[in-house]
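[1] build the 3D model from these lines:
(one chain, ligands or ions: 1)
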Amino acid sequence: MANSCAWLLCLFSVLLGHGFVLQLEASHHVYRHLESDQSTTANQPYRTAYHFQPPKNWMNDPNGPMIHKGLYHLFYQYNPYGAVWGHIVWAHSTSTDLINWTPHDPAIYPTQESDINGCWSGSATILPRSKPAILYTGINRQNQQVQNLAVPKNLSDPYLIEWVKSPNNALMAPTAMNKINSSSFRDPTTAWQGPDGRWRVIIGSKRDDRGMAILYRSKDFVHWLEAKHPLHSANGSGMWECPDFYPVSVGIQNGVETSMVGLGIKHVLKWKMILVGDMIMGSFMLQRLSLIVLRPGGSLWGWINESTNATIDIMKGWAGIQGIPKSLWLDKSGKQLVQWPVVEIEKLRVNQVDSPSKVLNGGSVLEVSGITATQADVDIAFEINEFDKVDVLDPSWTNPQLLCSQKGASVKGELGPFGLLVLASNGLQEYTAVFFRIFKGQDKYVVLMCSDQSRSSLHLDYDKTTYGAFVDVDPLQEKLSLRSLVS
Ligand code: DQQ
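    Numbering: from 1, shown residues only. Here you go, the predicted structure:
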């Protein structure tokens, strides 16, 4: 990781090399001997004030983000005993502006038979008369994954400090009858109400290697029945961790009520992938596959692993941050899901630095001067004016993440890579490359956007994952703009 006191921001277009894909998945092994309450976060150059981060210890998935009485609530998977995954509870913070957060005591922690071995991910639903309810996965005494309900003890407390668990827990559980795999049955979504007034929720699961969203229905939010068919499944996709399912509207950027259906409304089903489709007679009909690969987490936030190996994490006293919260909506065509950092984050823009336009030639690296902060919100636009030589997109290149790692930041192409080297050290031994490549597709140009961490740190144990997506823009008609939030 580049020394945050002396980093550079560079524009680049490049030459030769090789990358690789490293899929990060949460490990569910408890390292008791590595836990302690002694961790300290003093003198931590790599802690961020930009992204949400607890004062210390391990954090993973964001859970149940919601607004209640004008306050934002964020819960998250947290180990109160150390900087490695284990003893998971729902930690809790509130905010009035999505920027400044107040930590509270953990909201949900093991107390019942149905969660005695951990309180894993889940979601919040706002029930009629503004009553929040949380469905979460409990690990029971037999180490089975089951679904539990918790509701606020005192609805007039805007901070919702105390939560009470349903005496009916577990509400959904693997049984001999339902053939659900008890170690692959977790992470309930926000529930929604169908036209028949019944609540629906999906739970991530798999059968063999077929990942799926098991659908449950309920009249009262307490008694749940499994539907005959999952809401959706995909062969070869493995366990669907932290799925999400919610309506989005064409054009409306303020969000829509979670049970909304009808004209101008599409539905998004997210796990590692995002599917956009229509709800027709209660069934999810796939419209289009948007090949965006996500990290586990909710629809607004996403967990950024930011862990190394246990020794380093214990030494630094923390692991895990949350991505910047984002707004999601559909573009005018209704086909492309658009996500953008929430506007509130723009309040943090101070000390503006403008850089004049520059011409990028093949193999060049230009330093953007004048930025001395360790935190930056960078807007940049690339105008392409030579399309005579462009690499042809092989029809078999359908996985953008794979393509980004095979054609990393140092692999020369005809039109790209070009983009930013952020947090670059003097001499460019370390940097994180965020870049574009343009290919000639069958009847249009195809733009690939990549974030390549393979050189983010010289240290072998840091996360080296490469992320990628095809972006639906026509480079003939518009500039390619890139927003990078750096800290
Ligand atoms: N993390 C939770 C699980 C979830 C996984 C456990 C995804 O509920 O499937 O901390 O990161």
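[2] pull the contacting residues for residue 212.
    Contact analysis of residue 212 by C-beta atoms under 8 Å, 6 or more residues apart in numbering lists 204-206, 230, 232-234, 240. C-beta coordinates here come from the backbone N, C-alpha and C atoms, glycine included.
[3] tell me the pLDDT of it.
    Residue 212 is assigned a predicted lDDT (pLDDT) of 96.
[4] equivalent analysis for residue 360, please.
    At residue 360 the predicted local distance difference test score is 87.
[5] so it touches residue 417, yeah?
    No - with contacts counted by C-beta atoms under 8 Å, residue 360 stays clear of residue 417, the gap being 10.8 Å.
[6] all helices for the stretch 251-400 of the chain, in order.
    Taking DSSP state H, counting those that start in this stretch as the criterion, the stretch 251-400 of the chain carries its helices at 310-316, 400-406.
[7] quick check: buried residues in the last one?
    Within helix 400-406, the residues that count as buried by 16 or more other C-beta atoms under 10 Å are 400-406.
[8] same deal with stretch 364-375?
    Of the residues in stretch 364-375, those with enough neighbours to count as buried (16+ other C-beta under 10 Å) are 366, 368, 371, 374.
[9] stretch 109-127 too?
    Buried residues in stretch 109-127 (16+ other C-beta under 10 Å): 109-110, 112, 114-115, 117-126.
[10] and it, end to end?
    According to C-alpha to C-alpha, to the nearest Å, stretch 109-127 extends 22 Å from its N-terminal end residue to its C-terminal end residue.
[11] go on, stretch 373-393?
    Counting by C-alpha to C-alpha, you get 39 Å between the two ends of stretch 373-393.
[12] now do stretch 356-371
    Start-to-end span of stretch 356-371 (C-alpha to C-alpha) is 14 Å.
[13] go back to the contacts of residue 212 and keep what's next to the ligand.
    On the criterion C-beta under 6 Å from any ligand atom, none of the entries of the contacts of residue 212 sits beside the ligand.
[14] show me how this structure divides into domains.
    For the chain, whose domains are defined here by automatic domain parsing, the residue ranges read 20-335, 351-486.
[15] which of those is buried the deepest?
    Greatest average neighbour count among these goes to domain 20-335 (a mean of 18), per mean count of other C-beta atoms under 10 Å.
[16] gap between it and the chain center?
    Here domain 20-335 shows a centroid-to-chain-centroid distance of 10 Å under the convention C-alpha atoms, centre = their mean, to the nearest Å.
[17] related to what we said a few turns ago, let's have the helices of the stretch 251-400 of the chain in JSON lines, adding distance to residue 76 and mean pLDDT.
    What follows is the helices of the stretch 251-400 of the chain, written out as JSON lines (distance: least, C-beta to C-beta, whole Å; pLDDT from 0 to 100):
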{"stretch": "helix 310-316", "distance to residue 76": "16", "mean pLDDT": "91"}
{"stretch": "helix 400-406", "distance to residue 76": "25", "mean pLDDT": "94"}
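[18] how about those, which one is nearest the ligand?
    Closest approach to the ligand among those is made by helix 310-316 (15.3 Å; C-beta to the nearest ligand atom).
[19] how about the CA coordinates for that closest one, as PDB?
    As requested, C-alpha coordinates have been extracted for helix 310-316 and formatted as PDB (Å, rounded to 0.1, in the frame of the first residue of the first chain):
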ATOM      1  CA  ALA A 310      -4.400 -12.400  10.800                       C
ATOM      2  CA  THR A 311      -1.000 -11.300  12.100                       C
ATOM      3  CA  ILE A 312      -1.100  -7.900  10.400                       C
ATOM      4  CA  ASP A 313      -4.800  -7.300  11.100                       C
ATOM      5  CA  ILE A 314      -4.300  -8.000  14.800                       C
ATOM      6  CA  MET A 315      -1.300  -5.700  14.800                       C
ATOM      7  CA  LYS A 316      -3.200  -2.900  13.300                       C
END
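[20] list the helices and strands it packs on?
    In terms of contacts (3 or more C-beta pairs under 8 Å, 6 or more residues apart in numbering; DSSP states H and E), helix 310-316 is packed against no helix or strand at all.
[21] tell me the pLDDT at residue 215?
    You'll see residue 215 listed with a pLDDT of 97.
[22] do the same with the one 3 residues further on
    Residue 218 is assigned a predicted lDDT (pLDDT) of 98.
[23] pretty sure it contacts residue 225?
    Yes - when contacts are counted by C-beta under 8 Å, residue 218 is listed as touching residue 225 (7.1 Å).
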